[in-house]
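Student: coords please:
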Amino acid sequence: MLDIADSPADNLSRGVKVCGSMSDFSASKDQSLLSFYENIREQVESDKRAGGRHRLAGASVKQYADRLRDEMDRRRLRFSPIEWD
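Tutor: Numbering: from 1, shown residues only. Got it, this is the predicted structure:
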């Protein structure tokens with residue numbers, strides 16, 4: 001489980017490492033989910049600026065973002081979807 005006391009970047013790094021087993025965000029606060037998702041958006045944008053696809057945000061990060069998005073949709077949170085390409 002993520003420790004929301006840590007920074008979103010720290011939590012994201014841990015979340016990606018255990019991506020396969022991390023599917024329950026029910027204990028996470030809305031703002032934490034939004035922060036995690038925004039951190040991924042920033043990684044994707046950095047990839048685009050660097051001229052490559054998915055250098056920083058690879059397949060496991062995309063899967064993590066998809067699960068975050070599913071939970072945010074379930075909670076009806078407002079966010080802008082990440083543009084992966």
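
Student: Checking the residue nearest to I82 when sequence neighbours are not counted next. Helix, strand or coil?
Tutor: Nearest residue to I82 in three dimensions, chain neighbours excluded: R41, at 5.0 Å (C-beta to C-beta, 6 or more residues apart in numbering). Heads up, the C-betas are built off the backbone N, CA and C, glycines and all. When classified by DSSP: H, G, I helix; E, B strand; the rest coil, R41 comes out as helix.

Student: okay, now R41: neighbour count?
Tutor: As a burial measure, R41 scores 17 neighbours (other C-beta atoms under 10 Å).

Student: And K48, by the same measure?
Tutor: Counted with other C-beta under 10 Å, residues neighbouring K48 total 16.

Student: Would you mind measuring from it to D73?
Tutor: Counting by C-beta to C-beta, to the nearest Å, the separation of K48 from D73 is 24 Å.

Student: Just the pLDDT for the residue nearest to I82.
Tutor: Per-residue pLDDT puts R41 at 92.

Student: any idea how far D30 is from it?
Tutor: Taking C-beta to C-beta, one finds R41 at 16 Å from D30.

Student: Please pull out the lowest mean pLDDT helix or strand from the protein.
Tutor: One helix or strand of the chain scores below all others by mean pLDDT, DSSP states H and E: helix 8-17, with a mean of 44.

Student: helices or strands next to the helix or strand V61 falls within in the packing?
Tutor: Taking DSSP states H and E as the definition, V61 sits inside helix 59-74. Applying 3 or more C-beta pairs under 8 Å, 6 or more residues apart in numbering; DSSP states H and E, we find helix 59-74 packed against helix 8-17, helix 30-49.
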